[in-house]
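Chemist: with the input below, show me the fold.
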Amino acid sequence: MMSEQGSVADHPQEDVNRERASGCLAEPAPLHLFPGIPFEYVEVLKSRGIDDSGIFLGVTRTLPHRTGLATATGIPAYRIEEIRSLCDLSRVRGVVPGVARVLYYVKIRSVEQLARESASAIVQKVVPCSGTYARVIRSMNEKMMADCIRCARRIVLNDKRLKE
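Modeler: Numbers count the residues shown, from 1 in each chain. Just a heads-up that it's a prediction; the model follows:
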């Protein structure tokens, strides 16, 4: 849970979740690896003990937690939501920080949304987005995205089981 000051008191461990998702959960990614997250935001979060995607997801589980973190850090609430989306997408094995950014750019904002997509639809959406993310996009072929979608579906099912 996050204290009122927006720091880490504790966060849920993903060990059980990781085991149940049959290898589909990626290791948490350091926040500084996500394209588009300003260095200043990474540093202020790091000063509060929030330095990777797993910790960030743990301390931003609910809207009040996210609002509290925005207030405590001075990071705008919409940027907290953006970072949360990137971190959520990066839970999927194969969705590295750059791929998470590209998926976010094409309006895929969560593991649940990714699970509902088709690989060919994603590839068609990202092709026109080259430029800044051209190198990442070249790696996003249908097979890779199909693997990511399969893992996203397993994670969604596992998340539902954990809530029951």
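Chemist: please count neighbours and contacts with C-alpha atoms only from this point.
Modeler: Noted.
Chemist: is residue 79 in a helix, a strand, or coil?
Modeler: Classification of residue 79 by DSSP: H, G, I helix; E, B strand; the rest coil places it in helix.
Chemist: residues near it, how many?
Modeler: 14 (other C-alpha atoms under 10 Å).
Chemist: do residue 74 as well
Modeler: If you count neighbours by other C-alpha under 10 Å, residue 74 ends up with 11.
Chemist: just residue 96 next, same as before
Modeler: Other residues close to residue 96 by other C-alpha under 10 Å number 21.
Chemist: check residue 56 too.
Modeler: Each residue near residue 56 was counted by other C-alpha under 10 Å, and the total is 24.
Chemist: to the chain's geometric centre, what's the distance from the top helix by length along the chain?
Modeler: If you go by DSSP state H, the chain has its longest helix at helix 142-163. What separates the centre of helix 142-163 from the centre of its chain is 13 Å, taken as C-alpha atoms, centre = their mean, to the nearest Å.
Chemist: cool, stretch 96-113 as well?
Modeler: That offset, for stretch 96-113, works out to 8 Å (C-alpha atoms, centre = their mean).
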